[in-house]
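In: Fold the stuff below for me.
(3 chains)
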Amino acid sequence: MPTIKTLIDLLEIQSVSSDESNIMEFLLNTINKRKHSWKVSPEIHHGPELHDCLLLKFGNPRTAVFAHIDTIGFMARYENQLVPVGSPELVEGTVLVGNDKYGPIRCKLMIRDDQPFHDFGRGIERGTLLSYEQHVQIDEKFIHAAYLDNRLGIFNALKLCEFLEDGWVVFSTYEEHGGGSMPYLLRYIQEKHPVSQALISDITWVTDGILHEEGVAISIRDKFIPRKKYLDKIIGLAERSGVPFQLEVEGHGASDGREVQFSPYAIDWCFIGAPEDNVHTPHEKVALSDLEAMTEMYKYLMAHL
Amino acid sequence: MPTIKTLIDLLEIQSVSSDESNIMEFLLNTINKRKHSWKVSPEIHHGPELHDCLLLKFGNPRTAVFAHIDTIGFMARYENQLVPVGSPELVEGTVLVGNDKYGPIRCKLMIRDDQPFHDFGRGIERGTLLSYEQHVQIDEKFIHAAYLDNRLGIFNALKLCEFLEDGWVVFSTYEEHGGGSMPYLLRYIQEKHPVSQALISDITWVTDGILHEEGVAISIRDKFIPRKKYLDKIIGLAERSGVPFQLEVEGHGASDGREVQFSPYAIDWCFIGAPEDNVHTPHEKVALSDLEAMTEMYKYLMAHL
Amino acid sequence: MPTIKTLIDLLEIQSVSSDESNIMEFLLNTINKRKHSWKVSPEIHHGPELHDCLLLKFGNPRTAVFAHIDTIGFMARYENQLVPVGSPELVEGTVLVGNDKYGPIRCKLMIRDDQPFHDFGRGIERGTLLSYEQHVQIDEKFIHAAYLDNRLGIFNALKLCEFLEDGWVVFSTYEEHGGGSMPYLLRYIQEKHPVSQALISDITWVTDGILHEEGVAISIRDKFIPRKKYLDKIIGLAERSGVPFQLEVEGHGASDGREVQFSPYAIDWCFIGAPEDNVHTPHEKVALSDLEAMTEMYKYLMAHL
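Out: Next up, the predicted model:
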């Protein structure tokens, strides 16, 4: 069973988009150790033809759950310039860490003319990926850390695995940087054992309509809009579930759901996840009660969808 | 035969992108009633694996005609905020209508700091879709209404059905909001009975080069550019057809043709449609003679392409 | 063997995106004449189901090389307006050439309110494509011409053909204007003889980190980011090759690699090409030594990847 220890281990692994092989290996090991204690032991799909992605097939899937395993970060350019990977917040003084062939790196993010730089004492090898330095803090009500987006989405997917009877659980890459793994993951699923429904296990934003401790957010739309028929079905089930939830309506932002929407398969999708504050900073903050509601909601929906 | 009554019925149905099931049912009923009077009675393809889309297969198709059945609109967010669906013009005072679980809604669009709001006397349920209130006016030369884009494209496709011997006629969803049905529609067509040519039955813009009452517009480009070989073939046929037409060259805008361009199939595409004024407002305006030219052009091209 | 004569012939052919049939025919003729002198005589794949693209299959491919055959340019709109095709630099006074049904066209690019116009003495037929007038200059160290991007990428691919034992060499269209041929090319390749690796034979930019005469650029990223595992493999081989190379890290720009990234196949990709100055002007400039390094690098990588 994934414990808080698993979550902290997950939070410590660097996996900036394009470099997700370490976290994939960690997940593979974790799953292999635990799968025998799960209600249903899944088929595990991975390998070079799936790059650094990982799929679990439980029973006879009707629905697939997607959790992305990459994070935002920075890449070293020329001189001491940095280029963002995904959309990190550019906050002067943020501590970044990484490794190049000369050894470990710990430096600060500097901003000049709105462009990001580092202050490391030596040059950093071109193309080196840097992440936020991690500080996990858990109190009675909240978890604070970098990369809750989407370590909590992964954690939620692993919790679901304990109880899941039928469904795909899919760990995708590159979500923070435009995507690119979803198209082959969806083709793989539709060729092996097709589904018509998807849930996106990811973390959303605290806004003027979505608050901490009000339950998991079911997203009616972000930049893209799921089909009304599917939303009605999900919201109907959510009401019957007794699990606290909030309905989100946003005009921008996107998730792995975007690539389900534009895939050559008629698969309905919906984003369901706990909200966080301080998005894409080292200080992301999520209410433990919302994370628990997320887990309960996935358990209920995957049984009833 | 689709009459002006059919067109008015079509114009009254709400179908904001993501909520196209009602208009699909209307089209299905209309087609089932009329198909026996058509020159060729088509195969009708629809069902859950095609979501809210509908395809008609006549004879041995060489070309597919696509008409989108969704419209722009608004979605209720938090407080009295609205979020656009597609790209509606934001005109203060525009009347919007819809329904939520508390009953029917009729309200005005308000603009504050360039953001859209509503003035309804009570809160509107999150995620509720709102459309322009409809007022259809037809005089000797013009039709004025909301959503001529793309009710006229649908009407044109239904007129074509009366005479069509070989071809797919396809009713797509989500066009106004980034698309997403075309990829699975194209895969479906290419797996059932492939084609190498497409026409996009949609409505374009009156501009400094495209005028009312000058004929149907054949679009040489919008943001995207069809293949020159196919354009040359179409323009050559158009010249022989005797039907009045205008050549359009735009630098922006897009249609279902965009998704044909980026599909994994080498299918040529071209947008052909009557021009309208007051695009994406409740007062769209199209010349009846241009609509007639559109219908005649599709009839000719589908026989000769 | 492709000589400087072949390169100059290539540079003289107009092939603005959407109108690539002439250069495709030229390539087909050239390849048919030369293939018998190549180490391996390839299978040639082309025809209406591949539009204006061309594929060569050598032996048992593990890797595919993509070179786009289209160029940027302009299209005539209404009055004397022009609309860009791709992203040409808008430099007042640039000489443009083309043909319409009234005869040959030679005119100057004019800019008013940031919009492009032409100064031709008569109207130009709507939809007519215009290219930069070509002036090729070759000295001891540099080649100067319009459209080195991507005639040099094509030239590099043709040089590679002389020595290639196993691989696909693919000539794609529409790259400068958003793409659209890669999806069907990739599907075709994966259905005929699948590969898991791709190289993009294209021309990049001289910047503050990439200089003339420092070798071929291996791009660690542009707007999109190849998978780290594949980059590590390529850079490792490049180091062993002895061929001079530079590592590029950019935050924007894209290539046919973008469409590999977003395809429904898990194919690794990397952009490798000589850098040029004066990008997308009539005066593009590339060092001959960098072009030679490009050719040598492709020869080495295609044998060892």
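
In: Residue ranges of each domain in chain A, please.
Out: For chain A, automatic domain parsing gives the domain ranges A:4-71+A:137-304, A:73-132.

In: What's the first helix or strand after the helix or strand where A:L56 lies?
Out: Using DSSP states H and E, A:L56 maps to strand A:54-58. Sequence-wise, the next helix or strand downstream of strand A:54-58 (DSSP H and E) is strand A:63-68.

In: List the buried residues for that next one?
Out: The neighbour-count check on strand A:63-68 (16 or more other C-beta atoms under 10 Å in any protein chain shown) flags A:T63, A:A64, A:V65, A:F66, A:A67, A:H68 as buried. C-betas here are computed from N, CA, C, even on glycine.

In: Now the second one: closest residue in space that isn't a chain neighbour?
Out: Right, A:A64. Take A:A64 and drop its neighbours on the chain: the residue closest to it by C-beta to C-beta, 6 or more residues apart in numbering or on different chains is A:W168, 3.8 Å away.

In: beta partners of the one you found?
Out: Per DSSP bridges, the residues bridged to A:W168 are A:K57, A:A64.

In: which residues touch the strand holding A:L56?
Out: A:24, A:27-28, A:31, A:40, A:42-46, A:69, A:161, A:164-171, A:185, A:188-189, A:192-193 (C-beta atoms under 8 Å, 6 or more residues apart in numbering or on different chains).

In: Out of the residues you listed, which sit inside helices?
Out: A:M24, A:L27, A:L28, A:I31, A:C161, A:L185, A:Y188, A:I189, A:K192 (DSSP state H).

In: which residues sit in contact with the fifth one?
Out: Contact partners of A:C161, counting by C-beta under 8 Å, 6+ apart, are A:I31, A:R34, A:K35, A:W38, A:P42, A:L56, A:F58, A:V169.

In: Please enumerate the helices of chain A.
Out: A:4-12, A:21-34, A:148-163, A:182-192, A:228-241, A:256-261, A:288-304.

In: so which of those helices comes closest to B:I105?
Out: helix A:228-241 (15.8 Å; C-beta to C-beta).

In: pLDDT score assigned to A:P2?
Out: On pLDDT, A:P2 comes in at 61.

In: could you measure the residue nearest to A:A64 against A:L55, distance?
Out: Distance, A:W168 to A:L55, using C-beta to C-beta, to the nearest Å: 6 Å.

In: Please identify every residue contacting each of the two.
Out: A:I189.

In: between those two, who's got more neighbours?
Out: Higher neighbour count among A:W168 and A:L55: A:W168, with 26 against 21, using other C-beta atoms under 10 Å in any protein chain shown.

In: just to revisit the earlier point, can you point out the buried residues in the strand holding A:L56?
Out: Result for strand A:54-58 [16+ other C-beta under 10 Å]: buried residues A:L54, A:L55, A:L56, A:K57, A:F58.

In: residue in the stretch 151-300 of chain A nearest to chain B?
Out: Using C-beta to the nearest C-beta, A:G209 is the residue of the stretch 151-300 of chain A that sits closest to chain B, at 3.3 Å.

In: can you pull the contacts of that residue?
Out: Here A:G209 is in contact with A:Q246, A:E248, A:V249, B:R77, B:Y78, B:E79, B:R126 (C-beta under 8 Å, 6+ apart).

In: State the distance from the residue nearest in space to the middle of chain A to chain C.
Out: By C-alpha atoms, centre = their mean, chain A has its centre lying nearest to A:N150, at 2.9 Å. Taking C-beta to the nearest C-beta, to the nearest Å as the measure, A:N150 falls 18 Å from chain C.

In: Using a markdown table, lay out the buried residues of strand A:54-58 together with pLDDT.
Out: Putting those into a markdown table (pLDDT from 0 to 100) gives the following:
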| residue | pLDDT |
| --- | --- |
| A:L54 | 98 |
| A:L55 | 98 |
| A:L56 | 98 |
| A:K57 | 98 |
| A:F58 | 98 |
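
In: Could you export the residues you listed to a markdown table, including columns for distance to C:T6?
Out: Formatted as a markdown table, the buried residues of strand A:54-58 follow (distance: C-beta to C-beta, whole Å):
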| residue | distance to C:T6 |
| --- | --- |
| A:L54 | 48 |
| A:L55 | 48 |
| A:L56 | 53 |
| A:K57 | 52 |
| A:F58 | 58 |
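
In: And the furthest pair within the residues you listed?
Out: A:L54 and A:F58 (13.6 Å).

In: just to revisit the earlier point, wait, isn't the residue nearest to the centre of chain A in contact with A:G86?
Out: No - assessed by C-beta atoms under 8 Å, A:N150 is found out of contact with A:G86, at 11.2 Å.

In: which residue sits closest to A:H283 in space, ignoring its chain neighbours?
Out: A:H144 (6.0 Å).

In: quick one: contacts of stretch A:112-119?
Out: A:74, A:76, A:80-84, A:90, A:96, A:107-111, A:124, A:130.

In: Tell me the buried residues within these.
Out: By 16+ other C-beta under 10 Å, these give A:74, A:76, A:80-84, A:90, A:96, A:107, A:109-110, A:124, A:130 as buried.

In: which residues are there in the stretch 201-305 of chain A that come within reach of chain C?
Out: A:S263, A:P264 (C-beta under 8 Å from any C-beta of the partner chain).

In: low-confidence ranges in chain A?
Out: Within chain A, the ranges that satisfy pLDDT under 70 run A:1-2.

In: Get me the contact residues on it for chain B.
Out: Proximity of chain A to chain B (C-beta under 8 Å from any C-beta) is limited to residues A:196, A:207-209, A:220-221, A:223-229, A:231, A:247, A:249-251, A:261-266, A:268.

In: Direction included, what does the longest strand belonging to chain A pair up with?
Out: Determined from DSSP state E, the single longest strand within chain A is strand A:103-112. Under the criterion DSSP bridges, strand A:103-112 sits next to strand A:95-100 (antiparallel), strand A:115-118 (antiparallel) in its sheet.

In: gap between that strand and the chain center?
Out: 25 Å (C-alpha atoms, centre = their mean, to the nearest Å).

In: can you pull the contacts of the residue nearest to A:H283?
Out: Counting by C-beta under 8 Å, 6+ apart, A:H144 has contacts A:H135, A:V136, A:Q137, A:I138, A:H283, A:E284, A:K285.

In: beta partners of it?
Out: Here A:H144, judged by DSSP bridges, has bridge partners A:Q137, A:K285.

In: what's A:I69 sitting at in phi/psi?
Out: phi -110, psi 0 (degrees, to the nearest 10).

In: Any figure for the gap between it and chain B?
Out: From A:I69 to chain B the distance is 25 Å (C-beta to the nearest C-beta).
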